[in-house]
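**Q** Need a 3D model of the following:
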Amino acid sequence: MRLLSSRTTGATVSLFYEDLTYKDLVDWAGEEHVERATLETVTDWQIPTEDKAVLVEVGVPHVEHLVTRACFQTEAQPTLQTNRGTLLYRLTEEAKAGARWFFGAEPGTGVVHHVAPDGGTRFANSSVVLWVQSLHHYGLRIDTSDLLLNADWHEEDNVLAELKQLSEELKEFDPAAFDGDHDFLWEEFLARWLW
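**A** Predicted coordinates:
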């Protein structure tokens, strides 16, 4: 594990990818599919400094079926409404079947939730830093694994084993995203991947 020191904020960010950068995201997602927040946008957000730093310096990749685009809110106070009555900082959007899904971060903690069109939430990751890293790991793995890229050409058991390994890797990075009393995004998303 390497620590990335933020040039803009002086924060220290724990990364499970050594030297993870904006370029790393661009290398697999393409420059047009990685968006970074401006420092001005996130300066007044009430989330941990390291979470702000990763949004500004590394960015957020577009990931099929999860993130169509980053849509960092410009307001200092959270605006993304959930059906629990809480507000989150809006990070991204995914448009599908005429509905919009979002990722949002909790004020104070930076915990990231996936928000359904009806405001229902699923726990995604325990920080924005871990969420960006999970998106990167998931997207990179999907885009470079022959078993997953060409699932229809492989034995289902082999593909399922690859998905299980990916799930274990994501769990190792952020155990809270798989354990506890939450409704989890990654576990369900990976389980439905083949459908």
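**Q** Distance check, the most centrally placed residue in the chain against G104.
**A** Nearest to the mean C-alpha position of the chain, counting by CA atoms, centre = their mean, stands W131 at 3.7 Å. Separation of W131 from G104 (CB to CB, to the nearest Å) stands at 10 Å. Placement of C-beta: from N, CA and C, glycine included.
**Q** Can you tell me how far the residue nearest to L166 when sequence neighbours are not counted is from D179?
**A** The shortest distance from L166 to any residue that is not its chain neighbour, by CB to CB, 6 or more residues apart in numbering, is 5.4 Å, and that residue is R141. As judged by CB to CB, R141 and D179 stand 21 Å apart.
**Q** Okay, now the unreliable bits of this protein?
**A** Under the criterion pLDDT under 70, the flagged ranges of the chain are 1-19, 180-184, 191-195.
**Q** can you give me the strands in the chain?
**A** Counting by DSSP state E, the chain has these strands, from start to end: 2-5, 12-15, 34-35, 60-61, 69-70, 80-81, 87-96, 99-105, 112-115, 121-125.
**Q** looking just at contacts, which helices and strands does the fifth one meet?
**A** Right, the one you point to is strand 69-70. Contact analysis of strand 69-70 by 3 or more CB pairs under 8 Å, 6 or more residues apart in numbering; DSSP states H and E lists strand 87-96 as its packing neighbours.
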